[in-house]
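# Based on what follows, work out the 3D shape:
(4 chains)
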Number of protein chains: 2
Amino acid sequence: MKQTRNTTAKTEILKLISQSTVALSHSEIQNNLDGLCDRVTIYRVLDRLVEEDLVHKVVNIDGGVKYASCNHKEAVHHSHNHIHFSCEECHTVTCLEDVKPSFELPKRYQVKEVNFTVSGICPECSS
Amino acid sequence: MKQTRNTTAKTEILKLISQSTVALSHSEIQNNLDGLCDRVTIYRVLDRLVEEDLVHKVVNIDGGVKYASCNHKEAVHHSHNHIHFSCEECHTVTCLEDVKPSFELPKRYQVKEVNFTVSGICPECSS
DNA sequence: TTGTTATTGCAACATTGTTGCATTTTATTT
DNA sequence: AAATAAAATGCAACAATGTTGCAATAACAA
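Numbering: from 1, shown residues only, chains lettered A, B, ... in the order given. Below is the predicted model:
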């Protein structure tokens, strides 16, 4: 496997994502970093973080891509089989790690990844 | 409510999507139409078809947006609460209308839409 | 400290989606 | 059948998002 190195860009981006309660988009990350590194670098760092399983990629119903930290609850290789909630009001995407959907596919389908996004109004916005 | 009219563009696009066994992207539709209408028109027709509930929008794990026909099994207003399978080999997206996922959100969340995409290897490609 | 190579920055490009506006087309009304 | 209102289209221009090649830089193992 290819070596990977720790750089300020990677560290800062991972910190940002980890400290956020909601999933962040590329542009949100870029704004937060305030010129620390190039736009392209952010794309590449995000790819690496996903590759290394430190972060997961969430695709919104409108097609927007966001990134959220992985809370490794499972021991070795955690599954990303959980729900993301996307608020139509404030446009935040939240990981609901504890809600596990159940479903049953015809067995000829080999499942490798799961992406379950529910959209509507989040608790913050519905009050 | 705003009136809606039948045009060749709309008819052809809906026919394309209906006759396809897999979900189609904007560019795939554009290629198939072979210059029948403008790129922008396709976007607008697709929006209308989704609006009118004749077609549904599927967002892939890689962020790509595709469109699939709605098979109105339910009487009045069918739910789009079903699974889409995205094959990593042939990049086709298939609607598995019959597979209904079950899940339970904290009740403060108001659900309006659901998008459940599973990716892996489809039966065609795994043989 | 040095050498290898992963990582970055920059520039250029590709893809996807949106908006404004003048023109055309649909379908209703006269 | 002609007139009409507004829905739909085409075009041009723009915005956002993502990708690639390549030379320069930085991380880290020896």
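
# I'd say A:Tyr67 and A:Ser20 touch.
No - taking contacts as CB atoms under 8 Å, A:Tyr67 lies outside contact range of A:Ser20: 9.2 Å. Any C-beta I mention is one placed from the backbone N, CA and C, and that applies to glycine too.

# Compare the two (neighbour count), which wins?
The neighbour count for A:Tyr67 versus A:Ser20, taken as other CB atoms under 10 Å in any protein chain shown, is higher for A:Tyr67 (23 against 17).

# List the beta-bridge partners for the more buried one.
Per DSSP bridges, the residues bridged to A:Tyr67 are A:Leu24, A:Lys57.

# any idea how far it lies from DNA strand D?
Relative to DNA strand D, A:Tyr67 is positioned 10 Å away (CB to the nearest atom of the strand, to the nearest Å).

# A:Asn32 now?
Distance from A:Asn32 to DNA strand D, by CB to the nearest atom of the strand: 14 Å.

# Local confidence estimate at the residue nearest to that residue when sequence neighbours are not counted?
Among residues not flanking A:Asn32 along the chain, A:Leu16 sits closest, at 5.5 Å (CB to CB, 6 or more residues apart in numbering or on different chains). Listed pLDDT for A:Leu16 reads 97.

# and what of A:Leu105?
pLDDT, A:Leu105: 83.

# Give the buried residues for stretch A:33-47.
Neighbour-count burial for stretch A:33-47 flags A:33, A:37, A:41-42, A:45-46 (criterion: 16 or more other CB atoms under 10 Å in any protein chain shown).

# Next, format those as CSV and append secondary structure and pLDDT.
Formatted as CSV, the buried residues of stretch A:33-47 follow (DSSP: H, G, I helix; E, B strand; the rest coil; pLDDT from 0 to 100):
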residue, secondary structure, pLDDT
A:Leu33, helix, 96
A:Cys37, coil, 97
A:Thr41, helix, 98
A:Ile42, helix, 98
A:Val45, helix, 98
A:Leu46, helix, 97
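
# who does the closest residue to A:Cys122 other than its chain neighbours bridge with?
Distances taken as CB to CB, 6+ apart place A:Cys87 nearest to A:Cys122, at 3.9 Å, with adjacent residues excluded. Beta-bridge partners recorded for A:Cys87 (DSSP bridges): A:Gly120.

# I'd like the distance from A:Cys87 to B:Cys95, if you could.
According to CB to CB, to the nearest Å, A:Cys87 and B:Cys95 sit 26 Å apart.

# ok, now A:Asp53?
Looking at A:Asp53 against B:Cys95, where the rule is CB to CB, the gap reads 29 Å.

# more neighbours, the two?
Higher neighbour count among A:Asp53 and B:Cys95: B:Cys95, with 20 against 12, using other CB under 10 Å.

# what does chain A put close to DNA strand C?
A:2-5, A:7-10, A:36-38, A:40-41, A:44-45, A:48, A:63 (CB under 7 Å from any atom of the strand).

# quick one: contacts for A:Ser126?
Contacts for A:Ser126 (CB atoms under 8 Å, 6 or more residues apart in numbering or on different chains) come out as B:108, B:110.

# my hunch is that it is in a strand, does that hold up?
No - in this structure, A:Ser126 is coil, not part of a strand, as judged by DSSP: H, G, I helix; E, B strand; the rest coil.

# Tell me the spacing between it and DNA strand D.
Here A:Ser126 is placed at a distance of 25 Å from DNA strand D (CB to the nearest atom of the strand).

# Kindly report the same for A:Ser20.
The value you get for A:Ser20 to DNA strand D, if CB to the nearest atom of the strand is used, is 17 Å.
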